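Asker: Test case, fold it:
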Amino acid sequence: MPKRIEKLTPEQEAQMAPWAKKWIEIGLRTGETDWDTFDKYMPICFKEAGLEYPKRVIRVSSPLVGALASSIAGRILNDGAVHGAVRGAVHGAVGDAVHGAVGDAVHGAVRGAVHGAVRGAVHGAVGDAVHGAVYGAKLNWHYWLGGQFWVGWYWYGSPAVVSFFTEVCGLELDKDIQERAEAYQKVCESVNHIWPNKDFVMVCARPSYIGRDARGRLHSEEGMAIRYPDGWGLYVLNGVRMEQELHEKIVGKKLSFAEIMALKNIEHRMIALKYMNFGELMRGAGGKLVDKSSAKGNELWLLDNKDIFPRSEYFLHYECPSTGREYSKCVEREWALLPDGNLSADKAQSQSHHFTLDEYLKLEIEA
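Answerer: Below is the predicted model:
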């Protein structure tokens, strides 16, 4: 077994995509939590940090409850150093060892194909939304240690990457480092979030449900896109988080154009416009389609409704060529004005991107 890897074999390269898929599935697991595995390997993480394992292990059913309780206790006990010591002993030490045993070329290949794929699908698409909701409560999120959303988060020390080098590439690590890697991998696989403290360890159950759209973003039209056993969760449409009331109004198509325009969050407006059908909204508000002659699918609308806007406004409605998402934005009338006095949606679009109309019409690839 090699103690250093400078180059991947074709067989190892072929395993990168399947390995990433395997770890994405692990990171997005729902259902029963593997408490037994956690109870077996979490004490090893403390031992490797030179710390006595607490007698109290507190299981919680959502990250909000865990973060709130752990944050309060952590501030009272002032034991944030425990988190740092455990993290350094398992994730940090393993990461340093792997870093020193892998060449730059291998580093780049695996970072993109394995680490990047797992991190984006698990932490970026799902974990970030959960963390963002809890961060909003101004809790000590930095006391968290691992869990399923971290299987591909940090580079060298992440279980997805370490296991690729050891199990696929056969990298031989020192016995002590391998034990640390195994312990951290097992606890990350088994539970959702972990908060290590001096007097207790708090650990969160897996989600009971995770819903995603075709692009892997959190999404559900039926209810919460991610839900935990105690009922806490998030309402999300195409990766955009919102409150339950707004979610129900958007999915139920119960928003008027004026109500959508009053939404402060531009992402909420974008999702609402997508669900509500922009043309129907405009007609309902008294809008008029001024130009739809575009071969690129652009539309120019005029809305003259003083109950919504103090003056007449022109709206450009279009589809993003790289994402397929529909957008609408206000444009100045002069942007759409042609030399012959007619109005053009394409002219408005070209002006908004600082092209001449001819330059814009000649574009073959848009992003």
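Asker: Can you give me the domain assignment for the chain?
Answerer: Domains of the chain are assigned by automatic domain parsing as 10-206, 286-362.
Asker: Before we go further, Gly223 is sitting in a helix, right?
Answerer: No. Looking at Gly223 with DSSP: H, G, I helix; E, B strand; the rest coil, it is coil, so not inside a helix.
Asker: Now do the helices in the stretch 51-200 of the chain.
Answerer: Counting by DSSP state H, counting those that start in this stretch, the stretch 51-200 of the chain has helices at residues 63-77, 80-87, 93-101, 104-110, 117-118, 128-135, 159-163, 175-190.
Asker: The closest residue to Val65 other than its chain neighbours: neighbouring residues, count only.
Answerer: Sequence neighbours aside, Asp230 is the residue nearest to Val65 in space, at 6.8 Å (criterion: CB to CB, 6 or more residues apart in numbering). (Glycine included, C-beta is placed from N, CA and C.) Neighbours of Asp230 under the rule other CB atoms under 10 Å: 14.
Asker: Averaged pLDDT, stretch 288-308. What do you get?
Answerer: The pLDDT scores in stretch 288-308 average 90.
Asker: going forward can the numbers begin at 17, since that is how I track them
Answerer: Shifting the count to begin at 17 puts that one at stretch 304-324.
Asker: Now that stretch: buried residues?
Answerer: By neighbour count, with 16 or more other CB atoms under 10 Å as the criterion, the buried positions of stretch 304-324 are 306-307, 310, 314-319, 324.
Asker: biggest separation within the residues you listed, which pair?
Answerer: Farthest-apart pair in the buried residues of stretch 304-324 is Ser310 and Ile324; separation 25.0 Å (CB to CB).
Asker: Pro79 and His209 touch, don't they?
Answerer: Yes. Applying CB atoms under 8 Å as the test, Pro79 and His209 come out as touching, 4.9 Å apart.
Asker: shared neighbours, the two?
Answerer: Listed contacts common to Pro79 and His209 are Cys220; contacts here mean CB atoms under 8 Å, 6 or more residues apart in numbering.
Asker: quick one: which of the buried residues of stretch 304-324 is nearest Met258?
Answerer: For the buried residues of stretch 304-324, the residue nearest Met258 by CB to CB is Ile324; the value is 22.1 Å.
Asker: element containing the spatially closest residue to that closest one that is not a sequence neighbour, please.
Answerer: Nearest residue to Ile324, sequence neighbours excluded (CB to CB, 6+ apart): Ala274, at 4.8 Å. For Ala274, the element it lies in under DSSP states H and E is helix 273-277.
Asker: what does His333 give?
Answerer: With DSSP H and E as criterion, His333 is part of strand 329-335.
Asker: next structured bit after that strand?
Answerer: Heading C-terminal from strand 329-335 (DSSP H and E), you reach strand 342-347.
Asker: Give me the phi and psi angles of Asn213.
Answerer: Per-residue torsions, Asn213: phi -130, psi 170 (degrees, to the nearest 10).
Asker: Can you add distance to Leu377, mean pLDDT and mean neighbour count and give the helices of the stretch 67-216 of the chain back as TSV?
Answerer: Formatted as TSV, these follow (distance: least, CB to CB, whole Å; pLDDT from 0 to 100; neighbours: other CB atoms under 10 Å):
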stretch	distance to Leu377	mean pLDDT	mean neighbour count
helix 79-93	50	70	19
helix 96-103	55	75	19
helix 109-117	51	86	19
helix 120-126	39	84	16
helix 133-134	37	93	24
helix 144-151	39	83	18
helix 175-179	46	94	26
helix 191-206	52	94	21
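Asker: Tell me which of those sits nearest to Trp51.
Answerer: helix 191-206 (7.4 Å).
Asker: my guess is His131 contacts Gly173, does it?
Answerer: No. Applying CB under 8 Å, one finds His131 not in contact with Gly173, separated by 10.6 Å.
Asker: which neighbours do those two share?
Answerer: Counting by CB under 8 Å, 6+ apart, nothing touches both His131 and Gly173.
Asker: quick revisit: show me the contact partners of the strand holding His333.
Answerer: Contact partners of strand 329-335, identified using CB under 8 Å, 6+ apart, comprise 294-295, 298, 303, 306, 312-320, 341-349, 351-352, 359, 361, 364-365, 368.
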